[in-house]
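Asks: sequence? don't have it. structure:
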């Protein structure tokens, strides 16, 4: 006799294993990490990492749980570039969105989901301050999902 499956396999969304679009480049994270050549044949690498600060919710109102979180990217220079991205849940796979740049060497605080908006809070520097200054200016940026794309919005949109 053939054995019947005893339970249904359920897809579990894992933002650390998904593909995102960062600066018009497809980046696939495996266990929260990606390493790619900065240019073809180049010895320098672009390192992308899942940073965290995630928040969960149904951002596109499709009935599946989604996750918004921060990514970092290092391209061989002194900067650590921070992005917000979303992993959209579905019945059987992760749909990674575009990532939106937040800043270089910022100090991440929290991410919230409220009134249909993803709110990212972090500390940055004043425009006239050098990158060696500790980030001390509070910043809140607002995002939402439109047609499975992450967009930057005004607070009252």
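Replies: That came through, no problem. All values reported here derive from a predicted model rather than from experimental measurement. Residues are numbered from 1 along each chain as shown.

Asks: can you pull out the strands in the chain?
Replies: Here the chain has its strands, by DSSP state E, at 19-22, 25-28, 33-37, 45-57, 66-74, 81-88, 95-96, 100-104, 107-114, 117-124, 137-146, 149-153.

Asks: from those strands, which stretch is densest packed?
Replies: strand 81-88 (a mean of 25; mean count of other CB atoms under 10 Å). From N, CA and C alone the C-beta is placed, and that goes for glycine too.

Asks: any weak-confidence spans in the chain?
Replies: Within the chain, the ranges that satisfy pLDDT under 70 run 1-10, 157.

Asks: what's next to stretch 31-49, contact-wise?
Replies: Around stretch 31-49, the neighbours that count as contacts under CB atoms under 8 Å, 6 or more residues apart in numbering are 16-17, 22, 25, 27-29, 50, 71-76.

Asks: let's see that with 10 Å instead.
Replies: If you take CB atoms under 10 Å, 6 or more residues apart in numbering as the criterion, stretch 31-49 is touched by 14-20, 22-23, 25-29, 50-52, 69-77, 80-81, 83, 99.

Asks: pull up the distance across it, start to finish.
Replies: End-to-end distance of stretch 31-49: 9 Å, with CA to CA, to the nearest Å as the criterion.

Asks: so residue 21 bridges to which residues?
Replies: Beta-bridge pairing of residue 21 under DSSP bridges involves residue 26, residue 98.

Asks: likewise for residue 119?
Replies: residue 112, residue 142.

Asks: got a list of what it touches?
Replies: Shown in contact with residue 119 (CB under 10 Å, 6+ apart): 55, 68, 110, 111, 112, 113, 140, 141, 142, 143, 155.

Asks: that'll do, ta.
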